[in-house]
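Engineer: got a predicted structure here, sequence first:
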Amino acid sequence: MKYAFILGHNPQLSVAEILAVLPVAKTIEQSNAFLIIELNDEIEAETLQKKLGGTVKIGKVISEKFTPEAIFEILKNNQQSNKLNFGVSYYDCPKDNLGMKVKGLLKQADISCRLVVSKDKALSAVVITKNHCFDFMVLANKFLAQTLAVQDFEDYGNRDYGRPVRDLVSGSLPPKLAKIMINLSSLAESKIILDPFCGSGTLIQEALLLGYSKIYGSDISDKAVKDTEVNLKWLKQHSGINLSGTNIFKCDVRELSKKVDQVDGIVTEPYLGPPLRGSEGILFLEKVIDDLSKLYLSALAEFAKVLPSKGVVVIVFPSFKIDREVIDLPIIDEIKKMGFTQVNDRPLLYGRPGQKVWRRILIFTRK
Ligand SMILES: C[S@@+](CC[C@H](N)C(=O)[O-])C[C@H]1O[C@@H](n2cnc3c(N)ncnc32)[C@H](O)[C@@H]1O
């Protein structure tokens with residue numbers, strides 16, 4: 001069976017997440033917009049969509065020819081008591097009039113329908129959800145897929161903006177990215193996860209929602225510890241999540257091993273440096289990079305003490321984009337000397353054009 005995944009804003013990251021969650025998948029075709037994979041078993045699309053942070057839609061490939069008849073047959077077999085709403089989305093190919101042709105076929109067959117259109121080439125998750133419509137995807141003029149699940153935009157919005165505390169100074173991790181990072185760890189749900197820079201608790205929140213129950217969170221700041229506790233309490237009230245396996249405490253990461261015995265994996269976004277305007281001088285930037293390098297190296301040295309062999313670290317590094325130059329923390333070789341192996345060879349970047357500090361996601365395992 002072939003499935004199509006519509007990728008989020010940072011396609012490499014979305015693909016890495018899908019392949020981490022579905023390691024047996026065979027990649028058939030990949031672009032910046034979509035990934036087509038082949039699997040032996042059927043997937044539970046709604047469940048998988050909820051699990052993935054970087055996928056916007058999941059569909060099943062129904063044909064490698066995109067004829068109006070293929071869509072008509074499916075709609076005919078899914079007739080409802082009310083009007084049949086449907087739309088066609090185009091990825092990596094120009095918009096076509098497939099929708100109108102299908103509408104013609106449905107009219108001929110006396111099936112009442114409404115063609116949902118949008119100004120964009122593809123119907124968004126918002127349009128599909130609000131119109132309760134079937135969506136068919138034409139992918140690079142090569143594959144036709146039927147959408148089975150779309151991203152729950154309201155749920156993400158609620159978790160990002162609805163929770164009591166958002167740290168506007170340090171900046172909160174977007175919940176979707178938190179989910180991607182946890183999935184990239186490939187840790188089983190029974191394992192213990194630690195976020196030693198927990199801030200307002202986004203990673204812990206998303207890990208709980210993904211089904212992990214043994215989670216530690218720590219931070220050097222009293223306020224962050226408090227914020228995390230408040231946000232988790234809110235999550236418990238709203239989602240009925242059990243917090244009995246979570247442990248939130250104050251700790252400077254440089255002394256982590258004094259407070260933690262062992263965890264199976266660390267998933268974290270450390271301090272990324274002060275917000276930048278882009279006009280800072282090179283001396284200022286060098287100092288920021290030097291300070292952050294020291295903090296990150298101390299953190300990784302502590303991680304090596306609390307992780308077992310093959311223990312995993314998924315961590316955000318800042319990637320500075322200044323005057324078309326990209327500057328990363330020059331510490332990968334030192335981290336490898338500490339006994340870590342870098343797992344991801346391709347750069348996994350998260351950011352938006354114009355942003356001065358991008359997030360680079362790195363995955364290490366301890367030897
Ligand atoms: C970018 S924030 C993390 C945000 C978090 N991922 C979230 O979504 O809320 C970085 C956090 O690192 C913490 N921090 C900075 N230096 C630290 C240290 N030496 N040890 C532990 N935490 C530290 C800060 O207090 C801050 O809460």
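Structural biologist: Done, it's in.
Engineer: tell me the spacing between the residue in the stretch 1-150 of the chain that the ligand sits nearest to and Leu209.
Structural biologist: Closest contact between the stretch 1-150 of the chain and the ligand, by Cβ to the nearest ligand atom, is at Gly53 (13.2 Å). From N, CA and C alone the C-beta is placed, and that goes for glycine too. Shown here: Gly53 relative to Leu209, a distance of 11 Å by Cβ to Cβ, to the nearest Å.
Engineer: again with Gly99
Structural biologist: From Gly99 to Leu209 the distance is 36 Å (Cβ to Cβ).
Engineer: equivalent analysis for Ala70, please.
Structural biologist: Ala70 is 36 Å from Leu209, where distance means Cβ to Cβ.
Engineer: also Lys101?
Structural biologist: 42 Å.
Engineer: equivalent analysis for Asp264, please.
Structural biologist: 19 Å.
Engineer: cool, Leu19 as well?
Structural biologist: Note on Leu19: its distance to Leu209, by Cβ to Cβ, is 21 Å.
Engineer: what's the helix or strand for Glu17?
Structural biologist: Assigning secondary structure by DSSP states H and E places Glu17 in helix 11-21.
Engineer: following element in sequence after that helix, please.
Structural biologist: Helix 11-21 is succeeded, C-terminally, by strand 26-30 (DSSP H and E).
Engineer: list the buried ones in that following strand?
Structural biologist: 29-30 (16 or more other Cβ atoms under 10 Å).
Engineer: which neighbours does whatever helix or strand comes next after that strand have in its sheet, and in what orientation?
Structural biologist: Heading C-terminal from strand 26-30, the first helix or strand you meet, by DSSP H and E, is strand 34-38. Paired neighbours of strand 34-38 in the sheet (DSSP bridges): strand 2-7 (antiparallel), strand 26-30 (antiparallel).
Engineer: and strand 34-38, which residues are buried?
Structural biologist: 34-37.
Engineer: closest one to Leu329 out of the residues you listed, please.
Structural biologist: Nearest to Leu329 among the buried residues of strand 34-38: Leu35, at 29.6 Å, using Cβ to Cβ.
Engineer: next, count neighbours for Asn97.
Structural biologist: Residues within reach of Asn97, counting by other Cβ atoms under 10 Å, total 11.
Engineer: pLDDT value on it, please?
Structural biologist: Note on Asn97: pLDDT of 92.
Engineer: how about the residues of the stretch 201-350 of the chain near the ligand?
Structural biologist: Residues of the stretch 201-350 of the chain lying close to the ligand (Cβ under 6 Å from any ligand atom) are 202-203, 219-221, 224, 252-254, 269-272.
Engineer: kindly format the C-alpha coordinates of the helix or strand harbouring Leu208 as PDB.
Structural biologist: Secondary structure assignment for Leu208, by DSSP H and E: helix 202-209. Extracted as PDB, the C-alpha positions of helix 202-209 are listed here (Å, rounded to 0.1, in the frame of the first residue of the first chain):
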ATOM      1  CA  THR A 202       6.300  22.200  26.100                       C
ATOM      2  CA  LEU A 203       8.300  19.000  25.600                       C
ATOM      3  CA  ILE A 204       7.000  17.400  28.700                       C
ATOM      4  CA  GLN A 205       3.400  18.300  27.700                       C
ATOM      5  CA  GLU A 206       3.800  16.800  24.200                       C
ATOM      6  CA  ALA A 207       5.600  13.700  25.600                       C
ATOM      7  CA  LEU A 208       2.700  13.100  27.900                       C
ATOM      8  CA  LEU A 209       0.200  13.500  25.100                       C
END
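Engineer: contacts for it?
Structural biologist: 53, 159, 163, 172-175, 178-179, 181-182, 193, 195, 198, 215, 217, 228, 231-232, 235, 239, 241, 243, 246, 248, 267-269 (Cβ atoms under 8 Å, 6 or more residues apart in numbering).
Engineer: with stretch 212-231 instead?
Structural biologist: 163-165, 167, 170, 182, 187, 189-201, 203-205, 207-208, 242, 244-253, 256, 259-260, 263.
Engineer: ok, stretch 273-289 next?
Structural biologist: The contact list for stretch 273-289, computed with Cβ under 8 Å, 6+ apart, reads 171, 291-292, 318, 320, 322-323, 327, 329-330, 356-357.
Engineer: could you check how far the residue in the stretch 51-200 of the chain that the ligand sits nearest to is from Pro270?
Structural biologist: Minimum separation of the stretch 51-200 of the chain from the ligand (Cβ to the nearest ligand atom) falls at Gly199, amounting to 2.5 Å. Taking Cβ to Cβ as the measure, Gly199 falls 10 Å from Pro270.
Engineer: so for the two, which residue has more residues nearby?
Structural biologist: Applying other Cβ under 10 Å to Gly199 and Pro270 shows that Gly199 carries more neighbours, namely 29 against 18.
Engineer: so the more buried one makes contact with Leu173?
Structural biologist: Yes - counting by Cβ atoms under 8 Å, Leu173 is a contact partner of Gly199 at 7.4 Å.
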